[in-house]
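Q: A structural model of the following input is requested.
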Amino acid sequence: MTNGAKAAIGGTLVLVLAVGLRFWFIYKERNEPAALQPVVAQEKITDDQLVYLKKKHQDSMKEVRDLVGSTLWVSAGGQMDYYPVAGRRVEYGKSAGTLLGADKLLVKDMVEQVAPKAATFRIPGGDRQVSMVFTKPGDEKEYAVPIGYREGGQYTFFVDEVFFYEDPHELYKHWGPEVWKAVDEHKVIVGMSELEVELALGQVSKSTSNDYGNRMVVFANLGHPIAVTFVKNKVTAFREDQGY
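A: Numbering: from 1, shown residues only. A predicted model of the protein is given here:
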């Protein structure tokens, strides 16, 4: 047999072997049990996170006046003082109270007025402050709360940050009647979440850490501070705290 013939036979054998190995690897790959992929833990989406909070982003008096005749509910509890109204003027001299979480308000009017410095702690005064005139259920007396301001012809409003446009009792109905009773009475009970306590006692608070749901938070509670301990985002203990 010539050297050329030997080389040809050798090349053929190498090719056959390569093809055979290729088919064997394909067979093995297709018939072996699939390798288990590591399970990646996914953060559970809570019912609260699924709640859609409507925003309107008003930037003109016309847009904010569209709220007249509608009902709003307070989301920024414990932050906004409100004042008596007389003859479409806000009587800034003395606060009539502080809006509490989930308070229901009927919008009656919008007014612009130069505000004293004392009334610009939460909402800037600008050239003129804009206040929302409202009544409360069972009280026909009109009050006003600052919601924005005008500066250099431009308006800035904080309605989206201060109020719910829809009844929070329906938005968060999964909280259940016991929790909602505590929220409406502005109390705290064991088992409530941070969000629930915040709506009940107000947003003015200080905490011991940034670990939301696993920390102690002291809520100002309109001058009657309460220290609340949360574990896994549930109240485990609470007490009065005069050291706020």
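
Q: the helix or strand of the chain with the lowest mean pLDDT: what's the following helix or strand?
A: Least confident helix or strand of the chain, by mean pLDDT, DSSP states H and E, is helix 3-31 with a mean of 49. Downstream of helix 3-31, the next assigned helix or strand under DSSP states H and E is helix 61-65.

Q: tell me where the model's unsure across the chain.
A: Applying pLDDT under 70 to the chain picks out residues 1-43, 244.

Q: try it again with 50
A: 5-19, 21, 23-24 (pLDDT under 50).

Q: show me where it has strands.
A: 71-74, 81-86, 89-90, 97-98, 104-113, 128-136, 139-151, 154-157, 163-164, 205-207, 216-219, 226-231, 234-240 (DSSP state E).

Q: flag every buried residue along the fifth one.
A: So the one you mean is strand 104-113. 105, 106, 107, 108, 109, 110, 111, 112, 113 (16 or more other Cβ atoms under 10 Å). Where you see a C-beta, it was placed from the backbone N, CA and C, and this is true even at glycine.

Q: tell me how far the ends of stretch 113-133 are from each other?
A: Distance between the two ends of stretch 113-133: 12 Å, counting by Cα to Cα, to the nearest Å.

Q: buried ones in that stretch?
A: So, applying 16+ other Cβ under 10 Å, buried residues of stretch 113-133: 113, 115, 119, 123, 125, 126, 128, 129, 130, 131, 132, 133.

Q: before we move on, what about stretch 134-143?
A: Buried residues in stretch 134-143, counted by 16+ other Cβ under 10 Å: 134, 136, 142, 143.

Q: export those to a markdown table and tack on distance to residue 237?
A: Listed next are the buried residues of stretch 134-143 as a markdown table, based on distance: Cβ to Cβ, whole Å:
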| residue | distance to residue 237 |
| --- | --- |
| 134 | 37 |
| 136 | 33 |
| 142 | 42 |
| 143 | 36 |
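
Q: still on that earlier bit, in TSV: the strands of the chain, plus distance to residue 50.
A: Shown next, in TSV, are the strands of the chain (distance: least, Cβ to Cβ, whole Å):
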stretch	distance to residue 50
strand 71-74	19
strand 81-86	32
strand 89-90	38
strand 97-98	30
strand 104-113	24
strand 128-136	29
strand 139-151	28
strand 154-157	27
strand 163-164	16
strand 205-207	25
strand 216-219	24
strand 226-231	21
strand 234-240	19
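
Q: the ones you listed: which one's closest to residue 175?
A: Residue 175 lies closest to strand 234-240 among the strands of the chain, at 12.6 Å (Cβ to Cβ).

Q: report the inter-axis angle for the closest one versus strand 226-231.
A: 160 degrees (axes from the mean of the first three to the mean of the last three Cα atoms, to 10 degrees).

Q: pull the distance from strand 234-240 to the chain's centre.
A: 22 Å (Cα atoms, centre = their mean, to the nearest Å).

Q: tell me what it is packed against?
A: strand 226-231 (3 or more Cβ pairs under 8 Å, 6 or more residues apart in numbering; DSSP states H and E).

Q: give me the contact list for the strand it packs on.
A: 188, 193-194, 197, 201, 213-219, 235-241 (Cβ atoms under 8 Å, 6 or more residues apart in numbering).
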